[in-house]
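A.B. asks: Model the structure of this input:
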Amino acid sequence: MNRILVLITLSDSGIETIKSNPELPKKEMEFVNKWKQDHILESFFISVTKKDAVLIFQNVDETRTKELVEVLPYFPYMAKIEYHNLNKQF
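C.D. replies: Modelled structure (predicted):
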């Protein structure tokens, strides 16, 4: 089964903006929860520092995954985004 692992790092200034706007995290989680319900987001992890996130997508290709990530409210505050195509073994 193919998966797409997305590694995201927020910029330091982005974290400050997010912290100062409580609506941004709520809007971000609306997308995450919708993708989970739609069975396109298999897993979602946030680092203890809240600067990094790991998302594992399923049932979508890399092009679609990039489109999804680019509509996130946090997208303008992302300093680094990596996409890795994986084959799930178990």
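
A.B. asks: Report the buried residues of the helix ranked longest in the chain.
C.D. replies: As assigned by DSSP state H, the longest helix anywhere in the chain is helix 23-37. Applying a neighbour-count criterion of 16 or more other C-beta atoms under 10 Å, one finds 24, 28, 31, 35 buried in helix 23-37. From N, CA and C alone the C-beta is placed, and that goes for glycine too.

A.B. asks: Nearest to E42, out of those residues: which one, please.
C.D. replies: Nearest to E42 among the buried residues of helix 23-37 is W35, at 9.4 Å by C-beta to C-beta.

A.B. asks: Now do the closest one against I15, distance only.
C.D. replies: 22 Å (C-beta to C-beta, to the nearest Å).

A.B. asks: Strand partners (parallel or antiparallel) of the next helix or strand after the longest helix of the chain?
C.D. replies: On the C-terminal side of helix 23-37, the closest following helix or strand by DSSP states H and E is strand 41-46. Here strand 41-46 has these sheet partners by DSSP bridges: strand 52-58 (antiparallel).
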